[in-house]
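Asks: Here is my input, please return the structure:
(chains A and B)
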Amino acid sequence: MAGVPMLSDQQIQFFRTFGYLKLPGLFADDIGAITAAFEAVFADRSVYRVESGDVEVHRFQDRTTIPWFIDQHPTLAALRDDPRMVGVVRSLLGDDFEYSESDGNLFSCETEWHCDIYGSPLRIPHIKLSFYLDPLTAETGAPRVMPGTHHWTEDYAVNLRGKFDNNVGSLPEVFGVDGPALPCVALETEPGDLLAWYYRSIHASYKGGPDRRLFTVNFRAPAPDRVRGRQAERAGAPS
Amino acid sequence: MGVITEQQVTYFDAFGYLKVPSLFAGEIDEITEAFEAVFADPVHYRLDMDEPVHRNERRVMIPAFVDKHPTLARLPEDERILDIARTVLGDGAEYAQSDGNLAFCPTEWHADTYGTHMEQRHIKISFYLDPLRADSGAIRVIPGTHFWQGTFARQLRKSFREFGSSQEVFGVDSTAIPATVIDSDPGDVLVHDYRVVHASFNGLARRRFFTINYREPAPVGAAAG
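Replies: Numbering: from 1, shown residues only, chains lettered A, B, ... in the order given. Sure thing, here's the model as predicted:
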């Protein structure tokens, strides 16, 4: 695809096998402007936001989310069509990918193990491209993933999802250890890195400090009926 | 209550491995002495290998290991070991031999599928006799790969069929494959399903370990192996 930097075959294979991919420094040159835009949106009290402190998966701690986040600022809105983003998404989802909204977040909470299945049909692959705007390690709230759980209909993921969904806040009673001690990979990040993962990958975050900044830009593969419609359109037939 | 709790069994079933810290801390000196005595006795048959899975570096293995010394020979019938095997595999758990090892090598990603019926669950109970960490050769596992017929495990086994090809397949070295390192100290016992994909890197020379293995009974009517 001319002008769009695509991922290597190895990066695609890594993503498909483990369910996530880290792209170090992909936006390092622009992260100052991106962070300034993030702060400007959160500083504008006219922008609609959801402030929650009553969600079990966040251990009833504080999280603020602004939906449709990148639409609130031109620097952020430009990311949707940025060739780097397009290259990543095309590499992972193919040419017919669809934009699937964005959100901006301030986390002052932990996040228990879960996958992002709310409101998205799981049969359609969705990916999340995440910008973490603070340096994060396993000890300071970096996202943790369980590789392989993006194979969501298979025994490994089904068994874990069942246990996590039914035992939020009581994992020691199930596994003998609490969420932070379960086996996973901590995706340690620096501002300017881009993290890609499947919605279906089971993930969490522990030990983080207040006001950790994150926004995500989401994409999905088209639903099968839309693919058929587009193919028909291209062929000149009524869809 | 047995040696391992219901929660530990759930953990093992979910991830394919379990560490039981200090289970043999009281006897580890005597066990280590027996280990050294067996390796020091040249009468014992041993395999001195330099296989591709070990990057063609040296590993020495003595099969039927625990039979070579009375201190070790007691272990397959030790109530702690039997309790683990029976709790994980059921009351019909069968002893499935042992081996002793000196590793002077890394071990690339693999599952212990050689010569075993994969349909029959096998577990390996390992005693590592040196303190081991990620940078000194601790075993690392890829949790979930004991679901060996799942896409994740099959993809990985296929990708690792050619040892040392991680860079070519995934763009990262074998040591950077996402995994869980199981740090261990002498006296700990590690249990893992044979089918779990595992490896060891950055190891000290002459790492000492031995394993005692069990399997669930073959289904009635299954052909003899």
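Asks: Going by C-alpha atoms from here, please, whenever you check contacts or count neighbours.
Replies: Fine.
Asks: what ranges do the helices span in chain A?
Replies: Ranges of helices within chain A are A:9-18, A:31-43, A:74-77, A:83-93, A:155-166, A:171-175, A:224-235, based on DSSP state H.
Asks: got those as a markdown table, with mean neighbour count columns?
Replies: Converted to a markdown table, these look like this (neighbours: other CA atoms under 10 Å in any protein chain shown):
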| stretch | mean neighbour count |
| --- | --- |
| helix A:9-18 | 20 |
| helix A:31-43 | 16 |
| helix A:74-77 | 16 |
| helix A:83-93 | 20 |
| helix A:155-166 | 17 |
| helix A:171-175 | 17 |
| helix A:224-235 | 13 |
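Asks: what residues does chain B put near chain A?
Replies: Taking CA under 8 Å from any CA of the partner chain as the criterion, chain B approaches chain A at residues B:7-8, B:10-11, B:14-15, B:143-144, B:147, B:150-152, B:155-156, B:167-171, B:178-180.
Asks: now the helices for chain B?
Replies: Using DSSP H, helices in chain B cover B:6-15, B:28-40, B:70-73, B:79-89, B:151-159, B:166-170.
Asks: Model confidence score at the closest residue to residue A:54 other than its chain neighbours, please.
Replies: Closest residue to residue A:54 apart from its sequence neighbours, by CA to CA, 6 or more residues apart in numbering or on different chains: residue A:60 at 4.5 Å. Model confidence at residue A:60, given as pLDDT, is 81.
Asks: do the one 10 residues further on as well
Replies: Looking at residue A:70, its pLDDT reads 98.
Asks: For it, give me its contacts.
Replies: Listed by CA atoms under 8 Å, 6 or more residues apart in numbering or on different chains, the contact set of residue A:70 reads A:76-77, A:79, A:102-104, A:217.
Asks: Just the buried residues out of those, in ChimeraX syntax.
Replies: A single ChimeraX command selects the buried members of the contacts of residue A:70 (16 or more other CA atoms under 10 Å in any protein chain shown):
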select /A:76,77,79,102,103,104,217
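Asks: confidence score at residue B:197?
Replies: pLDDT at residue B:197 comes out at 97.
Asks: so it makes contact with residue B:110?
Replies: Yes. With contact defined as CA atoms under 8 Å, residue B:197 counts as touching residue B:110 (5.1 Å).
Asks: wait, which of the contacts of residue A:70 is closest to residue A:11?
Replies: Of all the contacts of residue A:70, residue A:217 has the smallest distance to residue A:11: 19.4 Å, by CA to CA.
Asks: separation between that closest one and chain B?
Replies: Residue A:217 is 24 Å from chain B, where distance means CA to the nearest CA, to the nearest Å.
Asks: Chain B contacts on chain A?
Replies: For chain A, the contact set with chain B under CA under 8 Å from any CA comprises A:10-11, A:13-14, A:17-18, A:147-148, A:151, A:154-156, A:159-160, A:172-176, A:183-185.
Asks: list the contacts for the residue nearest to residue A:165 when sequence neighbours are not counted?
Replies: Leaving aside its chain neighbours, residue A:165 sits nearest to residue A:114 (7.3 Å; criterion: CA to CA, 6+ apart). Listed by CA under 8 Å, 6+ apart, the contact partners of residue A:114 are A:57, A:161, A:164-165, A:202-204.
Asks: Summarise which helices and strands the lengthiest strand in chain A is packed against.
Replies: Ranked by number of residues, the top strand in chain A under DSSP state E is strand A:98-108. In terms of contacts (3 or more CA pairs under 8 Å, 6 or more residues apart in numbering or on different chains; DSSP states H and E), strand A:98-108 is packed against strand A:62-67, strand A:212-220.
Asks: Counting by contacts, list what the last one packs against.
Replies: What it means is strand A:212-220. Applying 3+ CA pairs under 8 Å, 6+ apart, we find strand A:212-220 packed against strand A:98-108, strand A:126-132.
Asks: Can you give the strand pairings for that strand, parallel or anti for each?
Replies: strand A:98-108 (antiparallel), strand A:126-132 (antiparallel) (DSSP bridges).
Asks: Point out the most buried one among these.
Replies: Sort the strands paired with strand A:212-220 by mean neighbour count, taking mean count of other CA atoms under 10 Å in any protein chain shown, and strand A:126-132 sits at the top with a mean of 23.
Asks: which outside residues touch that strand?
Replies: Against strand A:126-132 from outside (CA under 8 Å, 6+ apart): A:120, A:189-200, A:212-221.
Asks: Which ChimeraX command selects the buried ones in those residues?
Replies: A single ChimeraX command selects the buried members of the contacts of strand A:126-132 (16+ other CA under 10 Å):
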select /A:189,190,191,192,193,194,195,196,197,198,199,200,212,213,214,215,216,217,218,219,220,221
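Asks: The contacts of residue A:70 into CSV, with extra columns for distance to residue B:75?
Replies: As requested, those are arranged in CSV below (distance: CA to CA, whole Å):
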residue, distance to residue B:75
A:76, 63
A:77, 65
A:79, 62
A:102, 58
A:103, 57
A:104, 57
A:217, 56
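Asks: from the contacts of residue A:70, which single one is nearest chain B?
Replies: residue A:217 (24.4 Å; CA to the nearest CA).
Asks: which one is the closest one nearest to, not counting chain neighbours?
Replies: Closest residue to residue A:217 apart from its sequence neighbours, by CA to CA, 6+ apart: residue A:102 at 4.4 Å.
Asks: go on, residue A:87?
Replies: Residue A:87 sits nearest to residue A:6 (CA to CA, 6+ apart), 4.6 Å away.
Asks: Based on its surroundings, how many neighbours for the closest residue in space to residue A:208 that isn't next to it in sequence?
Replies: With CA to CA, 6+ apart as the criterion, residue A:208 has its nearest non-adjacent residue at 3.6 Å, and that residue is residue A:141. Using other CA atoms under 10 Å in any protein chain shown, the number of residues around residue A:141 comes to 26.
Asks: just to revisit the earlier point, let's have the contacts of residue A:70 in a markdown table, adding distance to residue B:71 and pLDDT.
Replies: Shown next, in a markdown table, are the contacts of residue A:70 (distance: CA to CA, whole Å; pLDDT from 0 to 100):
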| residue | distance to residue B:71 | pLDDT |
| --- | --- | --- |
| A:76 | 68 | 98 |
| A:77 | 70 | 98 |
| A:79 | 66 | 98 |
| A:102 | 63 | 96 |
| A:103 | 62 | 96 |
| A:104 | 62 | 97 |
| A:217 | 61 | 98 |
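Asks: Put the alpha carbons of stretch A:25-45 into CSV.
Replies: Output of stretch A:25-45 as CSV, limited to C-alpha atoms (Å, rounded to 0.1, in the frame of the first residue of the first chain):
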residue,chain,number,x,y,z
GLY,A,25,8.3,4.9,19.8
LEU,A,26,5.9,4.9,16.8
PHE,A,27,4.6,8.3,17.8
ALA,A,28,7.6,9.5,19.8
ASP,A,29,8.0,12.6,17.6
ASP,A,30,4.5,13.8,18.1
ILE,A,31,3.8,12.8,21.7
GLY,A,32,4.3,16.3,23.0
ALA,A,33,1.5,17.7,20.8
ILE,A,34,-0.7,14.6,21.4
THR,A,35,-0.3,15.0,25.2
ALA,A,36,-1.1,18.7,25.0
ALA,A,37,-4.3,17.9,23.1
PHE,A,38,-5.3,15.2,25.6
GLU,A,39,-4.9,17.7,28.4
ALA,A,40,-6.8,20.4,26.6
VAL,A,41,-9.8,18.1,26.1
PHE,A,42,-9.9,17.0,29.7
ALA,A,43,-9.5,20.6,30.9
ASP,A,44,-12.6,21.7,28.9
ARG,A,45,-15.4,21.1,31.3
